[in-house]
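**Q** Okay, structure incoming, though there's no sequence with it:
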């Protein structure tokens with residue numbers, strides 16, 4: 001399912017939770033990588049550099065905020 005989220009200071013995870021969109025999480029700090037999603041469009045910023053490995057076009061929703069409107073692919 002594609003999810004569109006607006007630019008916000010809240011993390012993508014918080015925005016998803018506020019919309020009651022299920023998302024698997026564990027550490028909530030960018031360490032484990034469980035919340036990794038595919039970023040289809042838009043720009044994100046990280047408040048702290050995540051430690052989990054990210055491939056091109058991937059985003060950790062627990063520690064990234066939308067700099068612009070974003071579209072992510074949620075496969076949970």
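**A** Structure received. Computed from a prediction, not measured in an experiment: that's the story for all the values here. Numbers count the residues shown, from 1 in each chain.
**Q** ok, and what's touching the one helix or strand residue 65 maps to?
**A** Using DSSP states H and E, residue 65 sits in strand 64-66. Strand 64-66 has contacts (CB atoms under 8 Å, 6 or more residues apart in numbering) with 5-12, 15, 42-47, 50. Glycine gets a C-beta too; all of them are placed from N, C-alpha and C.
**Q** Residue ranges in the chain under the pLDDT threshold?
**A** Within the chain, the ranges that satisfy pLDDT under 70 run 76.
**Q** Could I get the full set of strands for this protein?
**A** Along the chain, counting by DSSP state E, strands occupy 2-5, 36-41, 44-46, 58-60, 64-66, 70-73.
**Q** for the fourth one, packing partners?
**A** Using 3 or more CB pairs under 8 Å, 6 or more residues apart in numbering; DSSP states H and E, the elements in contact with strand 58-60 are strand 36-41.
**Q** Show me what the strand it packs on pairs with in its sheet, parallel or antiparallel.
**A** strand 58-60 (antiparallel), strand 70-73 (antiparallel) (DSSP bridges).
**Q** so of those strands, which one's packed in deepest?
**A** strand 58-60 (a mean of 21; mean count of other CB atoms under 10 Å).
**Q** Please, a ChimeraX command that selects the buried ones among the contacts of strand 64-66?
**A** Burial among these is assessed by 16 or more other CB atoms under 10 Å; the matching ChimeraX selection reads:
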select :5,11,12,15,42,44,50
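**Q** Between the strands paired with strand 36-41, which one is closest to residue 35.
**A** Evaluated over the strands paired with strand 36-41, closeness to residue 35 peaks at strand 58-60, with 5.7 Å, by CB to CB.
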